[in-house]
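# just a sequence and a predicted model for now, questions to come.
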Amino acid sequence: MKRTIITGLLAVSVLALAVFAPAQPMVQGGKSGMMPISKSAVELRTAIRKLWEDHITWTRNYIVSALAGSEDVGAVAKRLLANQDDIGNAVKPFYGEEAGNKLAALLRDHILIATEVVKAAKMGNSMDLTAAQKKWTGNADDIAAFLSGANPHWPKPALTDMLHKHLDYTTDEVVSRLKKEWTADIEAYDKGHLHMLMFADMLTEGIVKQFPAKFKE
């Protein structure tokens, strides 16, 4: 009886670990199909996630500060822009100095245009808001084109869709906060946060597939 109880507890423990353990990235390999990727690839996944999580988090902080007219808005904007340089530096080991700088420049434009969107929305200037959103979408398309040109495992349509969705969630945050619809604001941020992690994982998967020799261990 005691042995049966112990066996049962072990089974429950294993099931709990399977359910609650963080999902591990997988790649094609061997006769069995999917297999866990290497430690170095998992480390890359963690690093890329951190960078894009900073992106979504500091964007959120900027929106809150800018719409509230907080004194920290300049400092927050500076930290947010630094994140774009961090992302550019992160890809340099794979794509080179020039490509990393180009990506950082595109992402800095993404943030600078976002400040225009927030300002126009706060002022209620529909003409400026429409113009800023159009420029924002064009920038997203430029980022998608640049990334897809660097890695064949980053298809342009998928990247474009992901980046447009990011703009949608960010816009929803701004609009909801202006309307003081706090539940909708929080929901938009939560959805955008999860979406950004998915985007980060998409980038990691593409890098690992393009440079498999770098991720053997």
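Everything's here; your move. Numbers count the residues shown, from 1 in each chain.
# residue closest to the middle of this structure?
Taking Cα atoms, centre = their mean, the centroid of the chain lies closest to M196, which sits 3.0 Å from it.
# show me what contacts that residue?
52-53, 55-56, 166 (Cβ atoms under 8 Å, 6 or more residues apart in numbering). All C-beta spots, glycine's among them, are computed from the backbone N, C-alpha and C.
# in the helix or strand that it is a member of, what counts as buried?
Using DSSP states H and E, M196 falls within helix 182-210. Within helix 182-210, the residues that count as buried by 16 or more other Cβ atoms under 10 Å are 185, 188-189, 192, 195-196, 199-208.
# show residues contacting stretch 70-87.
Contacts of stretch 70-87 (Cβ under 8 Å, 6+ apart): 51-52, 54-55, 58-59, 61-62, 64-66, 103-104, 107-108, 110-112, 115.
# rerun at 6 Å
With Cβ atoms under 6 Å, 6 or more residues apart in numbering as the test, stretch 70-87 has contacts from 51, 54-55, 58, 61-62, 65-66, 104, 107-108, 111.
# make JSON lines out of these and add neighbour count.
Listed next are the contacts of stretch 70-87 as JSON lines, based on neighbours: other Cβ atoms under 10 Å:
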{"residue": "L51", "neighbour count": "18"}
{"residue": "D54", "neighbour count": "18"}
{"residue": "H55", "neighbour count": "22"}
{"residue": "W58", "neighbour count": "20"}
{"residue": "N61", "neighbour count": "18"}
{"residue": "Y62", "neighbour count": "22"}
{"residue": "S65", "neighbour count": "18"}
{"residue": "A66", "neighbour count": "20"}
{"residue": "A104", "neighbour count": "22"}
{"residue": "L107", "neighbour count": "20"}
{"residue": "R108", "neighbour count": "18"}
{"residue": "I111", "neighbour count": "18"}
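# and those residues, which is closest to S38?
Among the contacts of stretch 70-87, L51 lies closest to S38 (Cβ to Cβ), at 20.0 Å.
# mind checking what secondary structure the closest one has?
Secondary structure assignment for L51 (DSSP: H, G, I helix; E, B strand; the rest coil): helix.
# show the model's pLDDT score for R3.
Confidence at R3, expressed as pLDDT, is 42.
# what of A16?
On the pLDDT scale, A16 gets 35.
# again, but for S38
We have a pLDDT of 88 for S38.
# neighbours of the nearest residue to it once chain neighbours are set aside, how many?
Leaving aside its sequence neighbours, S38 sits nearest to F215 (Cβ to Cβ, 6 or more residues apart in numbering; 5.0 Å). By other Cβ atoms under 10 Å, the residues close to F215 number 19.
# circling back to that earlier point, just the buried subset of the contacts of M196, please.
Counted by 16+ other Cβ under 10 Å, those give 52, 55-56, 166 as buried.
# nearest to G96, of these?
Once Cβ to Cβ is applied, the member of the buried ones among the contacts of M196 that ends up nearest G96 is W52, at 20.7 Å.
# any idea how far H166 is from the spatially closest residue to the closest one that is not a sequence neighbour?
Distances taken as Cβ to Cβ, 6+ apart place A200 nearest to W52, at 4.0 Å, with adjacent residues excluded. To H166, A200 is 11 Å away according to Cβ to Cβ, to the nearest Å.
# same question for Y95.
21 Å.
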